[in-house]
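Peer 1: no FASTA, just this:
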């Protein structure tokens, strides 16, 4: 290899290293997140194993057959790579949920670069709709279930304005039509105070959204979850970030699918045809403490027939991530410092070698 070839090779190596770091920054769990949120599917409900995490799918239509529910879950593999009592305890502590995953609820926000929308400043008694842009009274282990019918809507999410108007209207029973427009069942007319919007057309395709699991400390008089205030005055939360996908051939369902942008390396490696294998289970030392939730949540939003098909609780999560050392450095906020150092070192090597080539001519 001549000197000019070595220079080109060095430039390629530097570029690949920097590119890898930048990919890691986007692929690692978000900096500031109290834990690693994942999506799961399968007949057994969420297993908290990142090997079964979905890194790209369709709300309520997971797997090769597009029949699996989409579960909101957490990475529960501890330092040993399995879900166990110690990893569960660590997760409860990290999320300050009082020892119960029932206290972790779901919200959605426009993705931020610094975690400010995912972990906002809150005050005692602040409701989910004021802290986050959209919310649904689903929680850790809840699942979005789809249908094969023309009115398939997955689940619906609400803004504070929608929820307040819905309550002032007396909380009428509502149903979606095939265009995902809500109608009041009693009159058949288009709802003037819709409870929310279908998750399948809540955003345009290509939108970056963070799905947040936050600690709640109760409900207000309108049956809306309140957000627990952390020691620093911010919500205690964990999240992942997605890019929305439109359902092919369906102009209405512009956010029917998603691509996870913050997945760690190795997530989803154990899936077979997009589903966990039949033998997938919890680590026996943790036990199986999943419980079936009521068909209606405390807020009155259905968690079975309308929202989720069924709601389950997993035995518990919280793990030391399997990400590489480089990814951990990137995630700790040193991304650009490392990139600058590498670029500088690469340029220094290039200049020296270029001068050397010049002198040898």
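Peer 2: Arrived safely, thanks for sending. Predicted, not measured: the structure shown is a model, and the values here were computed from it.
Peer 1: tell me the domain ranges of this protein?
Peer 2: Residue ranges for the structural domains of the chain, counted by automatic domain parsing, are given in the record as 1-28+323-361, 30-151+200-321.
Peer 1: ranking those by mean pLDDT, which is last?
Peer 2: Comparing mean pLDDT across the domains of the chain, the weakest is domain 1-28+323-361, with a mean of 42.
Peer 1: quick check: longest strand of this protein.
Peer 2: Secondary structure of the chain read by DSSP state E shows that its longest strand is strand 208-219.
Peer 1: packing partners of it?
Peer 2: Contacts defined by 3 or more Cβ pairs under 8 Å, 6 or more residues apart in numbering; DSSP states H and E place strand 208-219 against strand 37-40, strand 70-74, strand 104-110, helix 128-131, strand 225-227, strand 237-245. Heads up, the C-betas are built off the backbone N, CA and C, glycines and all.
Peer 1: who's the residue lying closest to residue 33 once chain neighbours are set aside bridged to?
Peer 2: Here the nearest residue to residue 33 in space, its sequence neighbours aside, is residue 238; by Cβ to Cβ, 6 or more residues apart in numbering that works out to 4.7 Å. Taking DSSP bridges, one obtains residue 213 as the residues bridged to residue 238.
Peer 1: try residue 242
Peer 2: residue 209, residue 260.
Peer 1: hmm, it is touching residue 257, no?
Peer 2: No - in this structure, residue 242 is not within contact of residue 257 by Cβ atoms under 8 Å, at 9.1 Å.
Peer 1: neighbour count: those two, which is higher?
Peer 2: For residue 242 versus residue 257, neighbours defined as other Cβ atoms under 10 Å are more numerous around residue 242 (26 against 20).
Peer 1: for the more buried one, what are its contacts?
Peer 2: When the contact criterion is Cβ atoms under 8 Å, 6 or more residues apart in numbering, the partners of residue 242 are 208-211, 258-261.
Peer 1: same question for residue 64.
Peer 2: When contacts are counted by Cβ under 8 Å, 6+ apart, residue 64 is found next to 273-275.
Peer 1: do residue 240 as well
Peer 2: For residue 240, the residues meeting the contact criterion (Cβ under 8 Å, 6+ apart) are 29-30, 33, 36-39, 210-211, 260-263.
Peer 1: ditto for residue 174
Peer 2: Contacts for residue 174 were tallied using Cβ under 8 Å, 6+ apart; they are 182-185, 191, 194-195.
Peer 1: what subset of those is buried?
Peer 2: Neighbour counting with 16 or more other Cβ atoms under 10 Å marks 182-184, 191, 194-195 as buried within the contacts of residue 174.
Peer 1: closest to residue 175 out of these?
Peer 2: Sorting the buried ones among the contacts of residue 174 by how near they are to residue 175, with Cβ to Cβ, puts residue 183 at the top with 5.8 Å.
Peer 1: pretty sure the closest one is touching residue 177, no?
Peer 2: Yes - taking contact to mean Cβ under 8 Å, the distance of 6.1 Å between residue 183 and residue 177 places them in contact.
Peer 1: on that earlier part again, so which of the contacts of residue 174 is the closest to residue 216?
Peer 2: The shortest approach to residue 216 among the contacts of residue 174 belongs to residue 195, at 19.2 Å (Cβ to Cβ).
Peer 1: so the closest one versus residue 223, what's the distance?
Peer 2: Counting by Cβ to Cβ, to the nearest Å, the gap between residue 195 and residue 223 amounts to 12 Å.
Peer 1: same check on residue 267?
Peer 2: Per Cβ to Cβ, residue 267 is found 35 Å from residue 223.
Peer 1: out of these two, which sits in the busier spot?
Peer 2: A direct count of neighbours by other Cβ under 10 Å for residue 267 and residue 223 places residue 267 higher, at 23 against 15.
Peer 1: reformat the helices and strands packed on strand 208-219 as a markdown table; add distance to residue 59.
Peer 2: Formatted as a markdown table, the entries for these read as follows, by distance: least, Cβ to Cβ, whole Å:
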| stretch | distance to residue 59 |
| --- | --- |
| strand 37-40 | 9 |
| strand 70-74 | 5 |
| strand 104-110 | 12 |
| helix 128-131 | 20 |
| strand 225-227 | 21 |
| strand 237-245 | 10 |
